[in-house]
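Q: I would like to see how this sequence folds:
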Amino acid sequence: MLKVDNINVYYGAIHALKGISVEVNQGEIVTLIGANGAGKSTILRTISGLLKPKSGEINFEGVNIAGKAAQEIVKLSISQVPEGRRVFANMTVLENLELGAYIRTDSKGVKEDIEKIFDRFPQLTKRRSQLAGTMSGGEQQMLAMGRALMSRPRLLLLDEPSMGLAPLLVRDIFSIIKEINASGTTVLLVEQNAHMALSIAHRAYVLETGRITLSGDAKELASSEEIQKAYLGG
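A: Next up, the predicted model:
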């Protein structure tokens, strides 16, 4: 479904991604793990059009999207939940969800999908008229995920969904990611919590300073001594 092929990305003079290649098959959860600053979020930002690669290709369902504008990429059915949630703080929960559907013209379908989001995230139901900025971090994360789903993406990019959340909420968020995937959405997940990420992913890539150093079946990587020492506190 997605093939990132030998991309190089720079921040000014800094070579942030060095010949990165990643593949995501339809129906999978694929996770990118690695230390802070390894380049995980940069990969997502490049796929979603927020950064332009200096070289390389990004093929989504056979179309090279490298360098396309972010709004064009959303129209192709790729949606991102950004790091730090980035909800529209001065707008209500309902308004945030409606904005997530800005590319859609089927108002009946949009209303139905909003109700589906409230079914999936019951905590948001009683907050529909509340300003998003006044909610807890966990509720804002759920809203950010719901907002991304409103464009009906075939590929969902998730950037650090567990960041800053209490352990109990982290478990909830990961079980929701599994549900979203089970209902037909392919997921590319960037996550500091390597243990949780590997527990739900099908495959994983390990990044170090802008390069992929390991890749393979998530469960096999989770049981590898090297990964346990570096990322799982083993």
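
Q: Let me know the pLDDT of the residue lying closest to residue 194 once chain neighbours are set aside.
A: Closest residue in space to residue 194, ignoring its immediate chain neighbours: residue 231 at 3.9 Å, by Cβ to Cβ, 6 or more residues apart in numbering. For the C-beta atoms, the positions are set from N, CA and C on the backbone; glycine is no exception. Residue 231 is assigned a pLDDT of 77 by the prediction.

Q: Distance check, the most centrally placed residue in the chain against residue 57.
A: Residue closest to the average C-alpha location in the chain (Cα atoms, centre = their mean): residue 158, at 1.3 Å. Per Cβ to Cβ, to the nearest Å, residue 158 is found 23 Å from residue 57.

Q: can you pull the contacts of the closest residue to residue 92 other than its chain neighbours?
A: Among residues not flanking residue 92 along the chain, residue 129 sits closest, at 5.3 Å (Cβ to Cβ, 6+ apart). By Cβ atoms under 8 Å, 6 or more residues apart in numbering, the contact list for residue 129 reads 92, 93, 94.

Q: From residue 101, how far out is the last one?
A: By that I understand residue 94. The gap separating residue 94 from residue 101 is 11 Å, by Cβ to Cβ.

Q: try the second one
A: In this structure, residue 93 and residue 101 are separated by 14 Å, where distance is defined by Cβ to Cβ.

Q: Which residue of these two possesses the greater neighbour count?
A: Taking other Cβ atoms under 10 Å, residue 93 and residue 101 do not tie; residue 93 has more neighbours (30 against 20).

Q: how about the strands of this structure, start to end?
A: Applying DSSP state E to the chain gives strands spanning 2-11, 14-24, 29-34, 55-60, 63-64, 78-81, 155-159, 186-190, 203-208, 211-217.

Q: Can you lay out these as TSV showing distance to residue 141 and mean pLDDT?
A: What follows is the strands of the chain, written out as TSV (distance: least, Cβ to Cβ, whole Å; pLDDT from 0 to 100):
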stretch	distance to residue 141	mean pLDDT
strand 2-11	23	97
strand 14-24	22	96
strand 29-34	17	96
strand 55-60	25	97
strand 63-64	30	95
strand 78-81	8	92
strand 155-159	10	95
strand 186-190	13	97
strand 203-208	22	95
strand 211-217	27	95
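
Q: okay, these in TSV with distance to residue 148 next?
A: TSV is the format used below for these (distance: least, Cβ to Cβ, whole Å):
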stretch	distance to residue 148
strand 2-11	16
strand 14-24	16
strand 29-34	15
strand 55-60	16
strand 63-64	20
strand 78-81	4
strand 155-159	6
strand 186-190	11
strand 203-208	21
strand 211-217	25
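
Q: Can you check which of these gets nearest to residue 107?
A: For these, the distance to residue 107 is smallest for strand 78-81, at 19.3 Å, taking Cβ to Cβ.

Q: Neighbouring strands of that closest one in the sheet, and parallel or not?
A: Sheet pairing here is set by DSSP bridges, and for strand 78-81 it gives strand 155-159 (parallel).

Q: quick one: the partner strand to strand 29-34, angle?
A: Orientation of strand 155-159 against strand 29-34 (axes from the mean of the first three to the mean of the last three Cα atoms, to 10 degrees) gives an angle of 30 degrees.

Q: So what angle separates the directions of strand 155-159 and strand 186-190?
A: Using the same axes, to 10 degrees: strand 155-159 against strand 186-190 is 20 degrees.
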